[in-house]
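In: sequence and predicted model, in that order:
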Amino acid sequence: MKKLLMATAATALTAGTAYAQDAESVPLGILLSFTGPIESLTPAMGSGAEMAISEVSENENFLGGAAVTPVRGDATCVDAAAATAAAERMITSEGVVGIMGADCSGVTTAVLANVAVPNGVAMISPAATSPALSSAEDNGLFFRTAPSDARQGQVLASILNEKGVGSVAVTYTNNDYGKGFADAFQAAFEEMGGEVTLSAAHEDGKADYSAEVGALASAGGDALVVLGYVDQGGAGVIQAALDTGAFDTFAFGDGMIGDALTAAFGSDLDGSIGTAPGSENEGGAIFAEMASEAGIDGTSVYAGESYDAAALLLLAMAATGSTDATEYSGAIMDIANAPGEPILPGQLGDALQILADGGEIDYQGASGVELVGSGEAAGSYAEYTIEDGALSVVGYR
Amino acid sequence: MDLLNAFIVLSNFVLVPAIAYGAQLAIGALGVTMVYGILRFSNFAHGDTMAFGTMATIIATWGLQAAGITFGPLPTALLAIPVGIAACAALVLATDRVVYRFYRAQKVVPVIMVIVSIGVMFIYNGITRIILGPDDQRFADGERFIISARDFQEMTGLEEGLAIRTTQGITLVVAIIVVVALFWFLNRTRTGKSMRAYSDNEDLALLSGIDPERVVRVTWLIVAALATIAGVLYGLDKSYKPFTYFQLLLPIFAAAIVGGLGSPIGAIAGGFVIAFSEVAITYAWKRVLEYTLPESLAPDSLVQLLSTDYKFAVSFVILVIVLLFRPTGLFRGKSV
């Protein structure tokens, strides 16, 4: 009983301080994997989010001129326990009112279920693409500015379908990304009447993939769909498939699109296709310019999405005049989508003015934000083909 | 029914890869079996010895390539192998001098030597990673194919293609040369005979005036040569990455034990047994059966006994079966 009393008192105290902070300071969590497998991407992502924060901070139209302070935490990409602890610390000791993050799908799922939902704090992830997150229990608190891989599976399937490819064999890298992508692709392709002869995983980092290719070749198909990494097993699979003459037409997911692909195989891959996130919106170029002025690489993967995630959280708070996630999270979809005045990077001040005047905005941002379904980016993908040993973009979907 | 096409498919996906892989395992297993037969312990550092020898060869290959020296249609790495062997021999001789000799003088039981070799394995592991790093290295050059799948189809007009890579051909030729040279050395030369004598009965060999330290030195030299050649062939044919060489330890030991530890002929047979089992058990037989069986019996499923994920498990299973029913191996080596 004594403990319960103490706990209640402590909660009341923290709640009190959180309210007291509202007037002058709004802490916003930036939960990214600053260590671990994607540590090379996260510095630009973190800086991108902080650019949005500094644009909004102390604007007279933002919660009465409140200052927004970024609070960084390490999500580690692979260690769910460490990510959960970092998020827990942000909320309980720093009192963050929203979290821009996390990045990798596994830790994002863990933080959402164990920290964000129980504490009632909203999260916008700039990089988690696992299809499983679309149906996660989130009480309306989770959004992402990165598209689900399920969407890419559909895009890839429809390109193959339009090219008249009737049957394919699929091989994917054996992790959450590869498995989710392969399942989404298979479902979409079969729905369009295509046949998947075999969907088999491959392990990264092996010396020899001839056994895997042997199985895929036995299953047969007009093309081989490779959903892996170009500097890992994906390249090994292609090499073995070309060597044995098992396949000569391929379809690639985003992990395979890169200069390393054509550098290694050149014109052997002519006629193959691929997809990778990409869009033709003007926001991307504006953001890249703003970022390079601030000394950040704005073209780095997911840097723009991070800017957008932080901007959406802050604009929603401004629109509802509240830092309580249960109140502001409902506004995120309205802000991100039409109708309203389109908002590009660098125009957050204008957006705050419009909101203050009672107008509506359609946030476009650096990545052409359009949230669909349960609050995830609709996703715009570039369609690539390989001709004369070079990758070229033939269109956007 | 189309037996010719069935045979081509089988060759392309089972016979050719398994023969090349088997030859690589056999040379690796010969090294393990030499250490076991003469120095009397299981050398767990063998995989990393291979990685080190290959690394030295790769660096020498890059040197040759930079100097503009190539080997025509053959990989330049073949020219660089002597450098790799020399570097590897220096390493293992130094290790023997600093580490193994100390334990040999104390006449420790073999299991302690095994643990010592695991320690050595970690050191080699680190050295290779410090010098060349943990990443993939490609060092194959020259002609890639003896015959490519497309050329074969055009030449023969058959539906199926057969590809034979240059590296697969080289592997087989080099393996035959190495095995013949090794057997000639062990059976015909004085040093070879003294090594066999030392292996059969150490005390008797010492009584007849054989210098044990010389036998040990020559053994390490041969092991270094075998390890480097096996490593380079594997790296040329597949790809070089230190970690995959560490993983090779299991199939190599399985090959040596299946053939009979200490028996050179057993190591070769064991290498091919392991390679063919791994490839054949994880291969999907659908296409072959489609060609050989009448249409009504053609299978719908892939007819794959085990998923390719379980490749390494095959070596384990064979190892366990052999140890249960014939602990001395196929060719009556020493029991483990």
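Out: Thanks, I have it.
In: going by C-alpha atoms from here, please, whenever you check contacts or count neighbours.
Out: OK.
In: how about the residues of chain B by chain A?
Out: For chain B, the residues in contact with chain A (Cα under 8 Å from any Cα of the partner chain) are B:12-13, B:17, B:148-150, B:161-163, B:165, B:238-241, B:244, B:279, B:282-287, B:302, B:304, B:308-309.
In: buried subset of those?
Out: The neighbour-count test (16 or more other Cα atoms under 10 Å in any protein chain shown) marks B:12-13, B:17, B:148-150, B:161-163, B:165, B:238-241, B:244, B:279, B:282-287, B:302, B:304, B:308 as buried among the residues of chain B next to chain A.
In: keep only those of these that are in strands.
Out: Of those, the ones assigned to strands by DSSP state E are residue B:165.
In: what stretches of the chain score poorly on pLDDT?
Out: Because you didn't say which chain, this covers chain A. For chain A, the stretches with pLDDT under 70 are A:1-23.
In: wrong one, chain B
Out: For chain B (pLDDT under 70), the answer is B:1, B:333-336.
In: recalculate using a threshold of 80.
Out: Chain B contains residues with pLDDT under 80 at B:1, B:135, B:295-302, B:309, B:332-336.
In: any idea how far the residue of it most remote from its centre lies from residue B:289?
Out: What lies farthest from the middle of chain B is residue B:296; by Cα atoms, centre = their mean that is 42.3 Å. Using Cα to Cα, to the nearest Å, residue B:296 is found at 11 Å from residue B:289.
In: do the same with residue A:178
Out: For residue A:178, the distance to residue B:289 - Cα to Cα - is 31 Å.
In: one more: residue A:375?
Out: 50 Å.
In: got it, and residue A:190?
Out: 26 Å.
In: what do you get for residue B:229?
Out: Taken as Cα to Cα, the span from residue B:229 to residue B:289 is 37 Å.
In: one more: residue A:77?
Out: Distance from residue A:77 to residue B:289, by Cα to Cα: 45 Å.
In: more neighbours: those two, which one.
Out: residue A:77 (23 against 20; other Cα atoms under 10 Å in any protein chain shown).
In: now do the SS call for that one.
Out: Three-state assignment for residue A:77 (DSSP: H, G, I helix; E, B strand; the rest coil): coil.
In: dump the residue contacts of it.
Out: By Cα atoms under 8 Å, 6 or more residues apart in numbering or on different chains, the residues touching residue A:77 are A:32-33, A:35-38, A:83, A:103-104, A:106-107.
In: buried stuff in the longest helix along chain B?
Out: Longest helix of chain B, by residue count under DSSP state H: helix B:212-237. Within helix B:212-237, the residues that qualify as buried by neighbour count (16+ other Cα under 10 Å) are B:215-237.
In: now do stretch B:284-293: distance to the chain's middle.
Out: 30 Å (Cα atoms, centre = their mean, to the nearest Å).
In: got the CA coordinates for that stretch in CSV?
Out: The C-alpha coordinates for stretch B:284-293 follow below in CSV (Å, rounded to 0.1, in the frame of the first residue of the first chain):
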residue,chain,number,x,y,z
ALA,B,284,15.6,-30.6,-55.9
TRP,B,285,15.3,-33.6,-58.2
LYS,B,286,12.1,-32.5,-60.0
ARG,B,287,13.7,-31.6,-63.3
VAL,B,288,15.8,-34.8,-63.5
LEU,B,289,12.8,-36.9,-62.7
GLU,B,290,10.7,-35.1,-65.3
TYR,B,291,13.1,-36.2,-68.0
THR,B,292,13.6,-39.7,-66.8
LEU,B,293,10.1,-40.7,-65.7
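In: which residues does the closest residue to chain A within the stretch 1-150 of chain B contact?
Out: The minimum distance from the stretch 1-150 of chain B to chain A, using Cα to the nearest Cα, falls at residue B:149 (5.2 Å). Neighbouring residues of residue B:149 by Cα under 8 Å, 6+ apart: A:243-245, B:160-164.
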